[in-house]
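coords please:
(chains A and B)
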Number of protein chains: 2
Amino acid sequence: MSVLIVGSTALDSIKTPQAENPRLLGGSASHAGVAASFFAPVKLVGIVGDDFPARYLRLYERHGIDLAGLQQAAGPTFHWSGEYEVNMNNRRTLATELGVFANFQPALPPAYRQTPFVLLANIAPALQLHVLDQMRRPKFVVADTMDLWLNLAMADLLKLLRRIDALVLNDSEARQLTQQDNVLVAARQIHALGPRYVIVKKGEHGSILSGPAGLFVAPAFPLLKVVDPTGAGDSFVGGLIGYLAGRQGALEPNLRRGMIYGSVVASFCCEGFGLTRTTKTTRAAIEHRVRQLEKVARF
Amino acid sequence: MSVLIVGSTALDSIKTPQAENPRLLGGSASHAGVAASFFAPVKLVGIVGDDFPARYLRLYERHGIDLAGLQQAAGPTFHWSGEYEVNMNNRRTLATELGVFANFQPALPPAYRQTPFVLLANIAPALQLHVLDQMRRPKFVVADTMDLWLNLAMADLLKLLRRIDALVLNDSEARQLTQQDNVLVAARQIHALGPRYVIVKKGEHGSILSGPAGLFVAPAFPLLKVVDPTGAGDSFVGGLIGYLAGRQGALEPNLRRGMIYGSVVASFCCEGFGLTRTTKTTRAAIEHRVRQLEKVARF
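Numbers count the residues shown, from 1 in each chain, chains lettered A, B, ... in the order given. Prediction:
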């Protein structure tokens, strides 16, 4: 079955002490869309400006991503630039230029409205709600969010939580949302706000699923070298929903394995700037790492 | 087979906003010894003063711990006191009184020298070396350490590393020892210093084993409430070596399961002050949590 993914489509300029990486393809929908495309057909909803490079449209197309929902507007594409420090551990934002994204109103082509799996990748909760308003009884809806919306748009976020099946967020965001230090207690409180499933991302420490059948603790794929973690969280959730859409059978075991597949796609994402490494991987390479992760976690 | 455990035996006074917990049984050898006792016979090597409560000797005895190697000297027992802040997240040391521990020289009774499994729990590396000098060809030697010895006794620690099978340390200590941010890279560098097995403890995020057969990523037992993490690391390594000593067969799978059993004993430790919760648990309760952890980690 197919996946509808709505989120940001951006150009990311990432400086390091060694190199400049100007105007790489980025944004939550780009990372999640490419990640999901290894497992299921993807319909992308987003907006780009008239400066958006044609090679990135071809990149989406090579991944079989349906672009009927990708709006192109007059003006510049959302542009983010940042710089890594010498040890590559800290990244600071140099500039955020919203461009055409400032007036983005996701409008779904009629053919998109019955897509069974929906990923509301990280954008303003009001836009995520606007997408849900246009959908007809989706089978499973996952929403990602970030600290920015906890600070700026809590009322919208609380409305959203009542309408989704699964919320994905970082451990620090789970703590911020609930004022609870223990992430398991935080997950319980988030269930009370709506979602049956809560997935807490912990970066290199893996992720935790809390749901009706209890907890699942998923390992991260161990990496000796992280080049750039930008988009890893989006890749994780994109791989997760793509895997779910590509599988039949009971939801819970598929969700667990989906988190493993998401971790593996995220590991490829971390090994290159922007999408440069993710786009070079294959389903076979993903399956190979999943088998490695099975060995690493077996006891 | 039996386990020899050498380390500190102490009295810990732990204040909280709600209660005082004066002179609880503590120290690395106490936590590790009780943890190991659920799986194999334990021989304890340590020192206590003439103020050491008889009820704690009986506690050791109830756990079947052989006390022929526990020295009793004139003077006060090692005493540590600390205080938790209101939110129970930060603990600060109020006083550290070494007492008879200041002049501790571990002397092994002849019957101890051929013990097959040895845990050098957290004490000065010079003392850990002194114990090894007295052993006759042990089967498997694990050493634990802490940041204090990285700062004060690096030369001794490096000598020790060449003589042990496995080193156990925290992620922050692995980074400090190697000056490497990535714990997997740090583990590789520690192998080059001697130990075939390196086990990195990551608290609530579990632990990682690096060895000749590759990596093992072990989950922590998920807890909704942590009362006092003091001694959790000692309980982990005690449970690990106790489990190893109680098993036959190939080392590597036993090490992996030993880390799971260690995590479970550490989870009990965290649920009470000092050893109060650990000493109330049973092998059956441990096995129950191991089965829960198997379910939580399955995909």
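
Next, count neighbours for the nearest residue to residue A:68 once chain neighbours are set aside.
Among residues not flanking residue A:68 along the chain, residue A:109 sits closest, at 4.7 Å (CB to CB, 6 or more residues apart in numbering or on different chains). (Glycine included, C-beta is placed from N, CA and C.) Using other CB atoms under 10 Å in any protein chain shown, residue A:109 has 12 neighbouring residues.

same thing with the one 5 residues further on?
Close neighbours of residue A:114, defined as other CB under 10 Å, add up to 13.

Kindly provide the distance from the closest residue to it other than its chain neighbours to chain B.
With sequence-adjacent residues excluded and distances taken as CB to CB, 6+ apart, residue A:114 is closest to residue A:136, at 5.2 Å. Using CB to the nearest CB, to the nearest Å, residue A:136 is found at 32 Å from chain B.

Confirm that residue A:136 lies within a strand, as I assumed.
No. Looking at residue A:136 with DSSP: H, G, I helix; E, B strand; the rest coil, it is coil, so not inside a strand.

give me phi/psi at it?
With angles defined as degrees, to the nearest 10, residue A:136 sits at phi -110, psi 110.

got it, and residue A:73?
Torsion angles at residue A:73 (phi, psi; degrees, to the nearest 10) stand at phi -120, psi 160.

Leaving out the residues flanking it, which one is nearest to it?
Per CB to CB, 6+ apart, closest to residue A:73 is residue A:100, 4.2 Å.

picking that back up, look at the residue nearest to residue A:68 and report its pLDDT.
Residue A:109 carries a pLDDT value of 96.

Let me see the contact set for the most centrally placed residue in chain A.
The centre of chain A sits closest to residue A:234, judged by CA atoms, centre = their mean, with a distance of 2.3 Å. Counting by CB atoms under 8 Å, 6 or more residues apart in numbering or on different chains, residue A:234 touches A:7, A:28, A:29, A:30, A:31, A:32, A:35, A:121, A:122, A:144.

Recalculate using a threshold of 7 Å.
Going by CB atoms under 7 Å, 6 or more residues apart in numbering or on different chains, residue A:234 touches A:28, A:31, A:32, A:121, A:122.

neighbours of the residue in the stretch 1-150 of chain A positioned nearest to chain B, just the number please.
Residue nearest to chain B within the stretch 1-150 of chain A: residue A:89 (6.4 Å; CB to the nearest CB). Per other CB under 10 Å, the neighbour tally for residue A:89 reads 9.

likewise residue A:151?
With other CB under 10 Å as criterion, residue A:151 counts 9.

Same question for residue A:17.
10.

pretty sure it contacts residue A:83?
No. Using CB atoms under 7 Å, residue A:17 is not in contact with residue A:83, being 9.1 Å away.

Backbone torsions only: list them for the closest residue to residue A:26 other than its chain neighbours.
Once flanking residues are discounted, residue A:26 sits nearest to residue A:12: 3.4 Å by CB to CB, 6+ apart. Phi and psi for residue A:12, reported as degrees, to the nearest 10, are phi -110, psi 130.

mind checking how far residue A:12 is from residue A:95?
When distance is defined by CB to CB, to the nearest Å, residue A:12 is 11 Å away from residue A:95.

Can you pick out the residue with more neighbours from the two?
Comparing residue A:12 with residue A:95 by other CB under 10 Å, the one with more neighbours is residue A:12, at 23 against 9.

so the closest residue to residue A:276 other than its chain neighbours bridges to which residues?
Distances taken as CB to CB, 6+ apart place residue A:24 nearest to residue A:276, at 7.0 Å, with adjacent residues excluded. Beta-bridge pairing for residue A:24 (DSSP bridges): residue A:12.
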